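> here is a sequence together with a model predicted from it:
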Amino acid sequence: MAVREPIYAALATLLFTDPRIVAAFPTTGRFLYHEAQIPGGSQATPAMYIVQHPGESHVRIGKGVPDKRTLRCSLVMYFNSGDPLASLPATLCNIGLDVLDDVINLPNNPGNVQTLGGLCEHVYWEGEAIIAEGLLQGYSVVAAPLTILIP
């Protein structure tokens, strides 16, 4: 039976060591900070954090067959847009989402299946990404939902 913590640790390793994420997000972690409390302040943005959602689902597909389990998390990203006339906040959000697409969706994998090295059946985007552009407050926040299927 799959164990949750190694799955989340592998997801963090995948995301936080990938050269595209490292180049795009100087600050990463599994502990979510409020944007005003990010270690290093605005110089540490863009920042990305993995946030586990409360609850998970179990589906019994037959007698004597293990449950199909689904874990959910979000990738919360902060972008310091500073002067919106100098750098459009939406542009920063879109660049961050594009980088995330490249890492999670495995464009060079014919099956487009991310298994975190065999720890899970599949990790993929599912649901609506919430985007709060920093037009007034200076920070943009994006929450992108991920689903993790466990056999």
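The structure has been received and is ready for your questions.
> residues in contact with the biggest helix by length in the chain?
In the chain, with assignment by DSSP state H, the single longest helix is helix 89-104. Applying CB atoms under 8 Å, 6 or more residues apart in numbering, the contact partners of helix 89-104 are 14-15, 18, 20-21, 24-25, 46, 48, 75, 77, 79, 81, 114, 123-125, 129, 131, 133-135, 140, 142, 144, 146. From N, CA and C alone the C-beta is placed, and that goes for glycine too.
> please, where are all the helices along this structure?
Remark: helices assigned in the chain by DSSP H are 4-17, 19-24, 89-104.
> Ala24 contacts Ala47, correct?
No - with contact defined as CB atoms under 8 Å, Ala24 does not reach Ala47; the gap is 10.4 Å.
> hmm, back to that, pick the most deeply packed of the helices of the chain.
Most buried of the helices of the chain, by mean neighbour count (mean count of other CB atoms under 10 Å): helix 89-104, with a mean of 18.
> for the protein, which spans come out with low pLDDT?
Where the chain drops to pLDDT under 70, the residues are 1-2, 83-85, 106-110, 135-136.
> I'd like the distance between the spatially most central residue of it and Thr13.
By CA atoms, centre = their mean, the chain has its centre lying nearest to Leu75, at 2.8 Å. Going from Leu75 to Thr13 by CB to CB, to the nearest Å gives 14 Å.
> same check on Asn94?
In terms of CB to CB, Asn94 sits 25 Å off from Thr13.
> which stretches in this structure count as strands?
With strands called from DSSP state E, the chain shows them at 27-29, 47-52, 57-59, 68-80, 122-125, 130-132, 139-150.
> just send these back as a markdown table, with distance to Tyr8 too.
Output for the strands of the chain, formatted as a markdown table (distance: least, CB to CB, whole Å):
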| stretch | distance to Tyr8 |
| --- | --- |
| strand 27-29 | 12 |
| strand 47-52 | 7 |
| strand 57-59 | 16 |
| strand 68-80 | 7 |
| strand 122-125 | 11 |
| strand 130-132 | 21 |
| strand 139-150 | 8 |
